[in-house]
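Peer 1: what's the 3D shape of this:
(one chain, ligands or ions: 1)
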Amino acid sequence: MLDVIILSKTQETADIISFELGKSDGSALPAFEAGSHIDVQVNAKLVRQYSLYNAPKNHQTYKIAVLKDANSRGGSSAVHDTFEVGDTIQISSPRNLFPLKNNSNKTLLFAGGIGITPLLSMAQVLNELEQNFELHYFSRSKSHTAFFDDLSNSPFAEQVFFHFSDERDDKDRVVKQALSQEGALNKDSHLYTCGPNGFMDYIFGSAKALGWSEENLHKEVFNAAPIELDDSDKAFTLELVRSGIHLEIPADKTVLEVLEDADIELDSSCEQGVCGSCITKVISGTPDHRDQFLTDIEKSLNDQFTPCCSRALTDSLSIDL
Ligand code: FES
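Peer 2: Okay, here's the model as predicted:
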């Protein structure tokens, strides 16, 4: 973890605050790519992931924006209410689980509300590279739209399309038109979406219905329903092949919990199957995939799984640990 200072705190909309973070000595922070996020230590018990929205070339500071979520489990409220300019907080180095593909023929970015953050960083990179792209930004109203002025005055303002549902709710028409425009349905075109799960499912569903291939669809997910184990869950044996250890995973514990109890370290962050930081290679056995991070194609290969929430369909699972 890195210590950083909160350099500024800006109310972007009634429920979105942005923060600029930097080193106390003014030196540069680790470089990052568009689509990256950082873990933020909110308090002793809470870590949350936030996407960086600044241009990667400007890594003197990191910029994040936080929506005060009405269904917050404590993270966003604590950030809004307790983080102040001058405070030192701890963050991880940036990690990119939502990378831009190189040499895309056409790139379509679909943001739903606060999902604008990683896409804003991507738009700056695509503009620098003079790539063919469009950013479609859906929000409730202009007043709910973070970075409206920045985007409207940006060098790529003509490639930004705002869609406010309080003015005209024509999402179906707009999305279909963007997805089926000339040059979009191409094996080298890529679509990136970030926002509420329902919004991203809708964008993916619309694209697939029009013939887009799943390999060209990319999404960033940070909020999943809490993982709950129930009566239908079964115990299984976990073999750590490299360590030669066998562990029993009871029905009421996750693999990650059992590993932690055994003092076996594994990277983890969201513990909800959305960030991908715990992904581990599977050597034999069939995982019961319960995450939202792996694509359907990746899940069907059964050669990796997310120990924070996924289990096993077979009596035992051997993993590369
Ligand atoms: Fe995030 Fe497992 S810790 S997917």
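Peer 1: going forward, measure contacts between C-alpha atoms and count neighbours the same way
Peer 2: Noted.
Peer 1: which residues of the chain lie near the ligand?
Peer 2: 268-278, 306, 308 (C-alpha under 6 Å from any ligand atom).
Peer 1: nearest to residue 6, of these?
Peer 2: Checking those against residue 6 by C-alpha to C-alpha gives residue 269 as the nearest, at 22.0 Å.
Peer 1: which one of the residues of the chain next to the ligand is nearest to residue 254?
Peer 2: Closest to residue 254, out of all of these and judged by C-alpha to C-alpha, is residue 308, at 6.2 Å.
Peer 1: count of neighbours near that closest one?
Peer 2: The tally of other residues near residue 308 (other C-alpha atoms under 10 Å) stands at 29.
Peer 1: kindly report the same for residue 321.
Peer 2: By other C-alpha under 10 Å, neighbour count at residue 321 equals 17.
Peer 1: so who does it touch?
Peer 2: Neighbour list for residue 321: 240, 241, 242, 243, 280 [criterion: C-alpha atoms under 8 Å, 6 or more residues apart in numbering].
Peer 1: nearest to residue 20 among those?
Peer 2: Looking across the contacts of residue 321 and measuring by C-alpha to C-alpha, the closest to residue 20 is residue 280, at 33.1 Å.
Peer 1: phi, psi for that closest one please.
Peer 2: phi -130, psi 140 (degrees, to the nearest 10).
Peer 1: low pLDDT regions in the stretch 101-250 of the chain?
Peer 2: For the stretch 101-250 of the chain, applying pLDDT under 70 flags the ranges 222-230.
Peer 1: the strands in it, which residues?
Peer 2: For the stretch 101-250 of the chain, the strands defined by DSSP state E, counting those that start in this stretch occupy 106-112, 133-139, 160-164, 189-194, 217-220, 236-240, 245-249.
Peer 1: any chance of the ones you listed in CSV, with mean neighbour count too?
Peer 2: Formatted as CSV, those follow (neighbours: other C-alpha atoms under 10 Å):
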stretch, mean neighbour count
strand 106-112, 23
strand 133-139, 23
strand 160-164, 18
strand 189-194, 25
strand 217-220, 22
strand 236-240, 19
strand 245-249, 15
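Peer 1: in TSV: these, plus distance to residue 77.
Peer 2: Output for these, formatted as TSV (distance: least, C-alpha to C-alpha, whole Å):
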stretch	distance to residue 77
strand 106-112	20
strand 133-139	21
strand 160-164	25
strand 189-194	21
strand 217-220	22
strand 236-240	38
strand 245-249	34
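Peer 1: right, and these - which one's nearest residue 13?
Peer 2: strand 133-139 (11.7 Å).
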